[in-house]
Every structure is written in C-alpha cells, then in structure tokens.
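J.: Next one to model:
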Amino acid sequence: MQTLFVGLALLVAGTPAAQVVQKPASLTLAKQEAKKPAAADPNVAVAKEHGGKVWVLTSSTPSAEGDALAKWLAEHPSTAEVTKKPSEERWPITLVAVFKKPPAKGALTIEFLDKKDPRTLVDQYSTQSQSGGLVFQEPYDLDTNNGFNKGRTYIIKVGQLINKKFVGYATGEVSLK
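T.: Below is the predicted model:
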C-alpha cells in the first residue's frame, strides 16, 4: 500500500499540470499595447492656459490645435454678444469648451442658466460627440421656443452628469441681442 502512495506521488509530481502554463502570445501583446502611453493630446498646453472656459462663436470655428488654437483663443474673448435678425427665432452659435483635464468617458452635458438667477435652468442637452479630449466644439441654436430671450445673458456650463449630479468642466457667458 505504501508503494502505491509513493508511486502516486511520483506520478503527480511528473505531470504537465505541475509545470508553468504559458500565456498565448496575443494576450501578452495586448497587455504590452495597453501599457504604452497614450498619444499625447496636442492641446495640453491649451488646457493649461485656457482650461475651464467656454467660447461662443457666431462665425467660423477654429480648426487648429496646439499653439495655433492657443493663439486664436487668446485673441478672442470668451464672453460673446450674439445678434439675430428680427425675423429669426434663434441665435445659431458654436461652443468651444477647453477643459483643464479630459472628461470621463460618456456623454457631455451642456447647461444654460439665466445669469440673473443662476438657479434657473433654461436649457440642458447631452451629446456623445468628441468626449475624451481637452477641447470640445459643438454647434447649437439658442431658440426662443426653448426659453432664450433677447436682452438676456446666460451662463453656459459644459460638464457631465455623474451619479445624477452635474460636474462642470468649463463655463462661459453669452448675451443675446
């Protein structure tokens, strides 16, 4: 009986199960790729200088990145006055928001608040476009049917809804004329 146990012990010690199992090469390559640093965002310097602000544009938007974008932002005020024709019902704008750090993955939310009463939410919408970068651009129409009125100033906040709470990344103002 004792020889049976000794034989069994020798058999278990010599089986391939006791040897080291090698990982597939594809899994190893995937881990190596994940450890590589992400491509540097060309707008890191822009975020350090202009992070936390929203620009409101009525003309063409800057398509540049890095130093060219920083120069453009420095030459233009972040607050804006937008004028519409009397026959129109909306003020077409483009928002350019610069974040101090990249937002979390997921939808970005834009809020418009009345400057006279910042607790009054005039409009809010969410968008999936371009989340994850330091610079966010989005066209939007400030429509009289959505509560926007001539002669008023609105605070614009760009952020995300995280755990049902708004977390702001950039703020700006727009006055409607």
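J.: Quickly list what the closest residue to Thr79 other than its chain neighbours is bridged to.
T.: Nearest residue to Thr79 in three dimensions, chain neighbours excluded: Glu173, at 4.5 Å (Cβ to Cβ, 6 or more residues apart in numbering). (Glycine included, C-beta is placed from N, CA and C.) Beta-bridge pairing of Glu173 under DSSP bridges involves Ile155.
J.: Confirm that Pro103 sits in a strand.
T.: No: the assignment for Pro103 is coil, going by DSSP: H, G, I helix; E, B strand; the rest coil, so no strand is present there.
J.: What residues of stretch 57-65 count as buried?
T.: Leu57, Pro62 (16 or more other Cβ atoms under 10 Å).
J.: about what we covered before: got the contact list for the residue nearest to Thr79?
T.: Applying Cβ atoms under 8 Å, 6 or more residues apart in numbering to Glu173 gives the contacts Val56, Ser78, Thr79, Ala80, Lys115, Thr153, Tyr154, Ile155, Ile156.
J.: Of the residues you listed, which qualify as buried by neighbour count?
T.: Applying a neighbour-count criterion of 16+ other Cβ under 10 Å, the buried members of the contacts of Glu173 are Val56, Ser78, Ala80, Tyr154, Ile155, Ile156.
J.: And the helices in the chain, which stretches?
T.: For the chain, the helices defined by DSSP state H cover 2-13, 25-35, 44-50, 66-75.
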